[in-house]
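Colleague: okay, predicted coordinates and the sequence, questions at the end:
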2 protein chains.
Amino acid sequence: MKTLVIVAHPQLADSGTQQFLKTSLQNFSTVTWHVLAPDVDVAAEQALLRRHDRIIFQFPLYWYSAPALLKHWEDEVLTRNFVYGAQHELAHKELGIVVTTGDAKREFVAGGKEDYTMSELLRPYQALAHKAQMSYLPPLPIFQFAYLTDAQKQALLVTYQQYITNSDFTSFHGQELWFEGQLKAKIDQTKGTSKQQLTQILTAVQDNREQLEELRWTLSLIKDNEDE
Amino acid sequence: MKTLVIVAHPQLADSGTQQFLKTSLQNFSTVTWHVLAPDVDVAAEQALLRRHDRIIFQFPLYWYSAPALLKHWEDEVLTRNFVYGAQHELAHKELGIVVTTGDAKREFVAGGKEDYTMSELLRPYQALAHKAQMSYLPPLPIFQFAYLTDAQKQALLVTYQQYITNSDFTSFHGQELWFEGQLKAKIDQTKGTSKQQLTQILTAVQDNREQLEELRWTLSLIKDNEDE
C-alpha cells in the first residue's frame, strides 16, 4: 500500500507538530510526503494521486476547516472529470484526515466551547470521499500537541505511523501484524546479541498473537452455539 | 440594519445567478455588495465588518465548502484577537450563508447522491458564528438556478431580498411588515393614478394584517385558557 501525505500548512517551517510527524515517517519507503505550495500543477498532482492508494489530507484546523492552501488545491486538482465525471480516478482509494488543533479535545462536543465534534466539522471531506467513491478513514485529530507528555507523544507517533502505513490499523489483529512487521524490519538491520534478543521478542509476540487467535476462535464457536 | 454581502466567486462575470442576485438588490441603500479578490487588506476588511450588522457569505458550493477565495479571506481577516481574543468585534451581529449549487435539492439527504444535508455541510460556518458570538441565520441554498422557471425566479428574488434586508424574515409577521415597507417606498416614487391604486392596495394589505393580528390575539387567549 502506497500512501500520499498531502501537507497543507502556511507556516510549515514553524510547526513543531509537522516536524514531529515528518520525522516519524522517515523509515517508511511506501510513504510520499507532499508539501503543498500556492502554485498547483494540476496534471502532476493528478498523476501523484493515481500512484497512491491511501490519500491523507494533513493540516492545522483554521476556522473549522483546512487552510485556503488545501481548498485551492481541491478546487484546482479535483476536477469533475477526474473525480466523478467521465473517470472515477479516486474510486476504491482511501481518504484520511490528520488534523491538528490548539484547542482541547473536550471542547469539541455539543455544549463545549467549539460546540461540534470533529466528525461533524470534517463532513465536507467525508462528502468528498463519498462522491469520489473512496473509503473514508476515521479521522486522526491531534489536540494540543504542545501539551503532550513524552509518553503521550510516543504513543501518538505509533498511532500516526499506523494511520499512514498500516492497511488494517483499526483492528487489533491488524495492529499486531503491523508491530510484527516493524520488529522484523528492525531485526534485519541488527547484528549480534541485539539481533538474538529481538528475535526472541518477536517469537514471544507471535506466540502471544497465536494464543489470542485460538481464544478468539474458541469464543466465536461458543457464540455460534448460543445463537443456534 | 446594514448588510454586507461578501461575494466569493472565482468566475463572477460568467455567473448568471450572481448577476441576478446583484440586480435584485440595486434599490436597497442599506446593502453593501462586496466582491472578494485574491489580495486582502485585513484592516479595511475588518473596518467593513464593523460597519455592518448582518454579514452574508455568498458563494457557489465547491467541494462542499466555499471556494478557496473565501477561505483565504477567513484565514487572513478573522484573526483571533478580532473575533474572540481581546475583542469580540463580531458579537451580536448575524451571519447568513447564500450558497448556490448545480446539484438538485433532493440529493442533499442521507442516501441521496450527496448524502448530507446542506445544514450538515455548512457546519464549519455555524461553528464560526458560535465562536464569534454571532447569530447564525438559517442558510439560503439556491439549487439549480438555471432550471428555475420565471415564476420560481421571481419568488427567489423576493426570498433573497428579504434574506438580505429584512431583520425579521423568518416570521410571517416580519414578512408582512417588510412587504408594506416596500410598497410604501414604491408609493413615494410614484405619481398620479398609479399612486392612488398603490395606496389602496397598501390600505387593503394593512387591513388584512390587522385582522390577522386580532385573530392571532384571540387564538392566544383561547390557548391561555386551555393551559389553565
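Modeller: Good, I have the coordinates.

Colleague: element containing A:Ile97?
Modeller: Here A:Ile97 sits within strand A:94-101, counting by DSSP states H and E.

Colleague: typed the wrong thing, it's A:Leu183
Modeller: Assigned by DSSP H and E, A:Leu183 belongs to helix A:172-189.

Colleague: for the next helix or strand after that helix, buried residues please.
Modeller: Following helix A:172-189 in sequence order, the next helix or strand is helix A:192-227 (DSSP H and E). By 16 or more other C-beta atoms under 10 Å in any protein chain shown, the buried positions in helix A:192-227 come out as A:198, A:202, A:209. All C-beta atoms are positioned from the backbone trio N, CA, C, and that covers glycine.

Colleague: and helix A:192-227, what other elements does it pack with?
Modeller: On a contact count with 3 or more C-beta pairs under 8 Å, 6 or more residues apart in numbering or on different chains; DSSP states H and E, helix A:192-227 meets helix A:172-189.

Colleague: same question for the helix it packs on, mean pLDDT?
Modeller: Per-residue pLDDT values across helix A:172-189 average out to 91.

Colleague: ok, now stretch A:200-215?
Modeller: Averaged across stretch A:200-215, the pLDDT comes to 91.

Colleague: how distant is it from the center of its chain?
Modeller: Mean C-alpha position of stretch A:200-215 versus that of the full chain (C-alpha atoms, centre = their mean, to the nearest Å) differs by 26 Å.

Colleague: what does stretch A:216-223 give?
Modeller: The answer for stretch A:216-223 is 31 Å, by C-alpha atoms, centre = their mean.

Colleague: please apply the same query to stretch A:146-160.
Modeller: In terms of C-alpha atoms, centre = their mean, the centre of stretch A:146-160 is found 15 Å from the chain centre.

Colleague: pretty sure A:Ile6 is in contact with A:His52, am I right?
Modeller: No: under the criterion of C-beta atoms under 8 Å, A:Ile6 makes no contact with A:His52, lying 9.7 Å away.

Colleague: neighbour-wise, which of these two wins?
Modeller: More neighbours surround A:Ile6 than the other of A:Ile6 and A:His52, with 24 against 20 (other C-beta atoms under 10 Å in any protein chain shown).

Colleague: show me what that one is bridged to.
Modeller: Following DSSP bridges, A:Ile6 is listed with bridge partners A:His34, A:Phe57.

Colleague: quick one, what contacts it?
Modeller: By C-beta atoms under 8 Å, 6 or more residues apart in numbering or on different chains, the contact list for A:Ile6 reads A:34, A:36, A:55-58, A:70, A:73.

Colleague: make it 7 Å
Modeller: By C-beta atoms under 7 Å, 6 or more residues apart in numbering or on different chains, the contact set of A:Ile6 is A:34, A:36, A:55-58.

Colleague: pLDDT and neighbour count added to those, as CSV?
Modeller: Compiled in CSV, the contacts of A:Ile6 are given as follows (pLDDT from 0 to 100; neighbours: other C-beta atoms under 10 Å in any protein chain shown):
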residue, pLDDT, neighbour count
A:His34, 98, 17
A:Leu36, 98, 23
A:Ile55, 98, 22
A:Ile56, 98, 24
A:Phe57, 98, 23
A:Gln58, 98, 28
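
Colleague: buried ones in the helix or strand harbouring A:Tyr160?
Modeller: Using DSSP H and E, A:Tyr160 sits in helix A:150-165. With burial defined by 16+ other C-beta under 10 Å, the residues of helix A:150-165 counted as buried are A:156, A:159-165.

Colleague: if I take that helix and strand A:94-101, what angle do their directions form?
Modeller: Between helix A:150-165 and strand A:94-101, the angle comes out at 150 degrees (axes from the mean of the first three to the mean of the last three C-alpha atoms, to 10 degrees).

Colleague: residues contacting helix A:150-165, please?
Modeller: Counting by C-beta under 7 Å, 6+ apart, A:3, A:5, A:21, A:24-25, A:28, A:30-31, A:56, A:96, A:98, A:140, A:142, A:148, A:169, A:175, A:178 sit against helix A:150-165.
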